[in-house]
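Visitor: Have a look; sequence and predicted model below, questions after that.
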Amino acid sequence: MSRMFGTDGVRGIANKELTAELAYNLGRAGSFVLTEGTHKPNIVVGMDTRISGDMLEAAMVAGICSVGAHAICVGVVPTPAVAYLTRYYNADAGIVISASHNPVEYNGIKFFNKDGYKLPDEVEDRIEKIINNRLCEVPSPVGENLGISDIRKDAIFDYIDFLKGIAEVELDGVKIALDCAEGASYFAAPEIFKRLGAEVHVIHNNPNGKNINKACGSTHMDELKRYTVEMGCQIGFAFDGDADRCLAVDEKGELINGDFILAILSKDLKEIGKLDEDTLVVTVMSNIGLDIACRNEGIKTVKTKVGDRYVLEEMLKSGYKIGGEQSGHIIFLDYNTTGDGLITAIKLASVIRKSGKTISEHAASMKEFPQVLVNAKVSNEKKDYYNTDKTILDEIEKIEKELEGKGRVLIRPSGTEPLVRVMLEGENQDEIDKMAHELAALIEERSR
C-alpha cells in the first residue's frame with residue numbers, strides 16, 4: 001500500500017481519491033494526534049478557491065468537531081496565512097485544503113503544527129496508521145463535549161495587517177501588475193499592495209471555483225509578461241493557486257524566476273546586515289549562475305535535496321533566515337514558517353522602491369547558465385550504479401574539468417521511475433547538450 005501522505009500533504013482528485021470520508025477521517029485522526037487527546041484543541045481551517053473546497057471543509061470540520069475539538073474556519077486564504085494565523089490565534093494546529101498549482105479537479109489536505117510548521121514524516125505516519133486502524137483509539141464524545149466551529153470572516157484582514165507590518169517602505173510611485181491565478185491570493189494580494197500605496201493592475205482575480213490555475217498564475221506566465229509591459233508596470237507578480245509561491249516579470253516582460261529572486265533578495269539582506277551568516281539555502285537544482293552571483297557578493301550558498309521541506313530543515317538546523325527554490329517557493333524565517341508568495345512580492349517591490357533602479361537592473365547581477373536534462377533508462381536495481389562504476393566516475397570528472405568551474409554535472413536517480421536524470425549546466429548550450437547525451441548513454445550502457 002502506498003503512503004497516504006505525499007511530499008506536501010494528502011493529494012488526489014477530489015471526490016474520487018480525496019473523498020469526503022477521507023477528509024472526515026483526517027480531521028478526526030489529525031485532531032487527536034496533534035494534541036494527544038489531552039485537551040480541547042483549536043484548529044484553524046483554511047482553503048483555496050477550488051469548487052471541491054466546500055465539500056472537503058465540511059467533512060474536515062465534522063471530523064474535528066466529532067473528537068471534541070474546535071474548528072476556526074478562516075475561509076479562502078493563502079496557505080501561508082494559515083501558518084501565520086495558527087500562531088496568531090494561539091491554535092493547536094492548522095489545516096489547509098488546497099492542491100496548490102494543480103488543476104481544479106485535484107485538491108489536498110495539509111497540516112501545520114501549533115508553531116506553523118509542516119508535520120514531520122513520523123507524525124504524518126501516526127495519523128495514517130490511526131486511520132488504517134479504523135480510528136479505534138480516537139474518542140467520540142457526546143453531549144456538551146462535542147466541538148464547535150467558529151467562522152472568522154475577518155481572518156484575511158488579520159493576515160493583511162501582518163503583511164503591512166513587515167513592509168520596510170511604502171510603495172507609492174511603484175506600478176505593479178498581479179496575476180492571482182484565480183486562487184487564494186485574489187483578494188489579499190491587490191489589497192496589501194493598495195494599502196502600501198502602489199498603483200495596482202490585476203488579472204485573474206475573479207475565481208468561480210472552476211478556473212483556478214487555468215492558463216494563469218505562476219505556471220502560465222505569458223499573459224502576465226504581456227500585461228506588465230502593456231500597462232507600463234515596473235514589475236509583475238504571479239502567484240500559484242494557494243499563494244505560497246511567487247514568480248516575477250520585469251518591466252520588459254522578461255521572467256524573473258526563483259533563482260533570480262533569491263539572488264536579489266539575499267544581496268539586499270546582506271547590504272542591510274540582515275543575512276544571517278551571509279548564507280542562502282537553496283536546492284541542488286538551483287542554477288549555477290546563482291552560485292556565481294552569490295559568490296561575487298560574498299554570500300555563501302548551502303544546498304539541500306529538492307523540496308521546500310528540506311530547505312526549511314536546513315534553515316532551522318543552522319539558523320539561516322532565507323532559502324528557497326527556482327519555482328518561487330521562498331521562505332523568510334524572520335516572518336513566516338513556510339513559503340509565502342506575498343512576502344516575496346512585497347520584499348521584491350521594496351527593493352525597487354528603495355534603490356530607484358529597475359528590477360531588470362537588479363536581475364542583471366545574475367547570469368542564468370544553459371541547462372540540459374537527459375534521462376538514462378536503467379533498472380531500479382541499478383539506479384545507484386553510477387556512484388561506484390569507475391568508468392562513469394572518470395567521465396564525470398573529465399566533464400567537470402572541461403567546464404572549468406563554469407558549469408556542473410548533477411545526477412539524480414528518479415524516485416518513481418527506472419531512470420537516472422543527468423543534468424548539465426554550462427556556458428555553451430550545444431557543448432553541454434552533447435556531453436549530457438553522451439554521459440546518459442554511458443550510464444545506460446554500464447548499468448545493463
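Guide: Cool, the structure landed. Numbering: from 1, shown residues only.
Visitor: Please parse the chain into its domains.
Guide: If you go by automatic domain parsing, the domain ranges for the chain are 10-153, 157-363, 371-446.
Visitor: What's the local residue count around K406?
Guide: 13 (other Cβ atoms under 10 Å). (C-beta placed from N, C-alpha, C; glycine too.)
Visitor: wait, which of the domains of the chain is closest to R3?
Guide: Smallest distance to R3 across the domains of the chain (Cβ to Cβ): 7.0 Å, for domain 10-153.
Visitor: how long is the closest one end to end?
Guide: Domain 10-153 has an end-to-end distance of 26 Å (Cα to Cα, to the nearest Å).
Visitor: so K398 sits in a helix?
Guide: Yes: counting by DSSP: H, G, I helix; E, B strand; the rest coil, K398 is part of a helix.
Visitor: Low-confidence stretches in this protein?
Guide: Within the chain, the stretches with pLDDT under 70 are 1, 37-38.
Visitor: so where's the longest helix in the chain?
Guide: Longest helix in the chain, counting residues (DSSP state H): helix 429-446.
Visitor: Enumerate every residue touching E199.
Guide: 173-176 (Cβ atoms under 8 Å, 6 or more residues apart in numbering).
Visitor: Check R446 too.
Guide: Contacts of R446 (Cβ under 8 Å, 6+ apart): 385-386, 389, 391-392.
Visitor: again, only this time at 7 Å
Guide: 385, 389, 391-392 (Cβ atoms under 7 Å, 6 or more residues apart in numbering).
Visitor: Please apply the same query to E254.
Guide: S360.
Visitor: hmm, try it at 10 Å
Guide: Contact analysis of E254 by Cβ atoms under 10 Å, 6 or more residues apart in numbering lists 225, 228-229, 248, 260, 359-360, 363.
Visitor: do the same with D430
Guide: Each residue near D430 by Cβ under 10 Å, 6+ apart is listed here: 370, 372.
Visitor: Then the one 4 residues further on?
Guide: Neighbour list for K434: 372, 424, 428 [criterion: Cβ under 10 Å, 6+ apart].
Visitor: F5 now?
Guide: Contacts of F5 (Cβ under 10 Å, 6+ apart): 11, 26, 109-111, 119, 121, 123-125, 127-128.
Visitor: Now V306, what are its backbone angles?
Guide: Main-chain torsions, V306, degrees, to the nearest 10: phi -70, psi 130.
Visitor: what does the one 4 residues further on give?
Guide: Note on Y310: its backbone torsions stand at phi -80, psi -30 [degrees, to the nearest 10].
Visitor: quick one: it from V96, how far?
Guide: Y310 is 20 Å from V96, where distance means Cβ to Cβ, to the nearest Å.
Visitor: sorry, back to before: just flag the most distant two among the contacts of R446.
Guide: Greatest spatial distance among these (Cβ to Cβ): Y385 and T391, at 10.7 Å.
Visitor: what about the two, which has more around it?
Guide: Y385 (17 against 12).
Visitor: tell me, what residue is most central in the protein?
Guide: When the chain is reduced to its mean C-alpha position, the nearest residue by Cα atoms, centre = their mean turns out to be H329, at 3.7 Å.
Visitor: State the distance from that residue to F239.
Guide: In terms of Cβ to Cβ, H329 sits 11 Å off from F239.
Visitor: overlap in contacts of these two?
Guide: 218, 245-246, 341, 344.
Visitor: out of the contacts of K434, who has the most neighbours?
Guide: Neighbour count (other Cβ under 10 Å) singles out L424 as the most crowded of the contacts of K434, with 27 neighbours.
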